[in-house]
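Visitor: Here's a sequence, model it:
(one chain, ligands or ions: 2)
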Amino acid sequence: MAKMVIHGGKRLSGSVTIGGSKNSTVAIIPATILSDTPVVLDSVPQIKDVYNLMALMDEMGVKSDFQGEILKIDPTQIFPISLSHNKVTSLRASYYFIGSLLGRFGKAVVGFPGGDDIGPRPIDQHIKGFKALGATITEKDNYIVVEARNGLHGARIFLDMASVGATINIILAAVKAQGTTIIENAAKEPEIIDLATFLNNMGANIRGVGTQTIRITGVDCLKATNSHTIIPDRIEAGTYLSIAASSGNGILIKNIIAEHLDAFLAKVQELGVNLDVREDSIFVYPNSQLTGVEIKTSPYPGFATDLQQPLTPLLLLADSQSTIIDTLYPKRTRHIPELIKMGAKIKVVDSKIVIEHTDHFNAAEVTAEEIRGGASLMVTGLMAPGTTVINQAENIMRGYDRVIDKLRSLQADVSYSGSEKF
Ligand SMILES: CC(=O)N[C@H]1[C@@H](OP(=O)(O)OP(=O)(O)OC[C@H]2O[C@@H](n3ccc(=O)[nH]c3=O)[C@H](O)[C@@H]2O)O[C@H](CO)[C@@H](O)[C@@H]1O
Ligand SMILES: C=C(OP(=O)(O)O)C(=O)O
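Guide: Ligands and ions are numbered 1, 2, ... in the order given. I've put the predicted structure just below:
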């Protein structure tokens, strides 16, 4: 079990550069196995999910090399195997190999996915999509067998909800299928646009990403000619913005696409945080008078569920009550008992998180049950005077690029002990 130790209560300053998006990267890596040539990705974040995906690809004969921010992947010697290894359960995005193996070999045998324990996370819409494309699905022990004996063919698929994962998985399966696939009520997240840009640059024919109707016309082969640069991580950016507004003495956050953070920035400004939004960076002024806000998470372009927990510590500083309703994951509340140990005045009332003004935080030993809950504890630990120890800090490392180095560059006193080298 890894630990993050924070000696908090210090004012932070300087600048921090946001890394490539976790949720783009973890979709694009499985997508690389659809390529008939080696692939080069740039701006790849150094996070645990990336190393786990590399290990999974290694089992299929796909060699990869990760130096700095450049990840080289050679899928040309790939062979089909069952992915029932325990690495599959270590991250959610392992389920994208169902779509990409199906697209490449017409068959995928993959263990049930893991990912953050943030409440029920069914995959019925993925299954519905694969079936519509001509696959049969069977479940055996702890894995799922998806097979298209007569090949995959285009279909019209209406998603019951705008699921990020289902939209991506259907794109991956359909990109080399016969004919045209239409996804209705598709998710519109920027990471889906990034994936489609990557695939289209290799010769795919995907239109309409970023709208609710996506059309994919199957092609025979995909070839990489240029490297693909991953978009900046909007959730990492929002987390540093929360740190800057709660503990900063003036912090510049670089490599941001502000448009991807519209709903979040609007809420942060409504809260009273003083920001200077520049072309590809945001300067966060030292803390000002904050007033409570009401937040309701929703699919993009709404307020991202992945940012409700990282923002919560800042809401505790407001002089009046704030509320959060997480419509996507109402049970995403495992950080709350841990925040209470640190002095937070916060409770859950009928699926609504109620946050009251808190004027004293204390350091404590707490546990990061999942990635964004961990981020919430990290932001609070930086505010609380004394020594905070975050257990299970490996969950934070799933998605925060070189977080210890970045926090230290802001003058934070933090350390990490665990088997991962971040
Ligand atoms: C690797 C990745 O990109 N993870 C993100 C992705 O997760 P993920 O792709 O798992 O999230 P989805 O967009 O699929 O889920 C949205 C909602 O739909 C429900 N649902 C989804 C699929 C399905 O087949 N059936 C179903 O009922 C889910 O329970 C959830 O309530 O989007 C989430 C919502 O923005 C983010 O929190 C995650 O960070
Ligand atoms: C829930 C998240 O990730 P995953 O879907 O990979 O578990 C997240 O990044 O907040």
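Visitor: So which bits of the protein are right by ligand 2?
Guide: When proximity is defined as C-beta under 6 Å from any ligand atom, the chain approaches ligand 2 at Lys22, Leu91, Arg92, Ala93, Gly115, Asp116, Ile118, Asp306, Ile371, Arg372, Gly399. (C-beta placed from N, C-alpha, C; glycine too.)
Visitor: Columns secondary structure and distance to Asp262 on top of those residues, output as JSON lines?
Guide: Putting the residues of the chain next to ligand 2 into JSON lines (DSSP: H, G, I helix; E, B strand; the rest coil; distance: C-beta to C-beta, whole Å) gives the following:
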{"residue": "Lys22", "secondary structure": "helix", "distance to Asp262": "20"}
{"residue": "Leu91", "secondary structure": "coil", "distance to Asp262": "28"}
{"residue": "Arg92", "secondary structure": "helix", "distance to Asp262": "25"}
{"residue": "Ala93", "secondary structure": "helix", "distance to Asp262": "25"}
{"residue": "Gly115", "secondary structure": "coil", "distance to Asp262": "26"}
{"residue": "Asp116", "secondary structure": "coil", "distance to Asp262": "24"}
{"residue": "Ile118", "secondary structure": "coil", "distance to Asp262": "23"}
{"residue": "Asp306", "secondary structure": "helix", "distance to Asp262": "15"}
{"residue": "Ile371", "secondary structure": "helix", "distance to Asp262": "23"}
{"residue": "Arg372", "secondary structure": "helix", "distance to Asp262": "19"}
{"residue": "Gly399", "secondary structure": "coil", "distance to Asp262": "21"}
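Visitor: least trustworthy position among these, going by pLDDT?
Guide: Ranked by pLDDT, these bottom out at Gly115 (62).
Visitor: returning to that earlier point: neighbour-wise, give me the winner out of the residues of the chain next to ligand 2.
Guide: For these, the largest number of neighbours (other C-beta atoms under 10 Å) sits with Arg372, at 31 neighbours.
Visitor: Let me know how buried the closest residue to that one other than its chain neighbours is, in neighbour terms.
Guide: Of all residues not flanking Arg372 in the chain, Gln309 sits nearest, at 4.2 Å (C-beta to C-beta, 6 or more residues apart in numbering). Neighbourhood size, Gln309 [other C-beta under 10 Å]: 29.
Visitor: Glu369 is in contact with Gln309, correct?
Guide: No. Taking contacts as C-beta atoms under 8 Å, Gln309 lies outside contact range of Glu369: 10.5 Å.
Visitor: Overlap of the contact sets of the two?
Guide: Common contact partners of Gln309 and Glu369 (C-beta atoms under 8 Å, 6 or more residues apart in numbering): His335.
Visitor: Say whether ligand 1 is contacted by the helix or strand hosting Gly165.
Guide: Using DSSP states H and E, Gly165 sits in helix 164-174. Yes. Residues of helix 164-174 are located near ligand 1 by C-beta under 6 Å from any ligand atom, namely Val164, Gly165, Ala166.
Visitor: any idea which of those is the one closest to Ala384?
Guide: Nearest to Ala384, judged by C-beta to C-beta, of those is Val164 at 33.4 Å.
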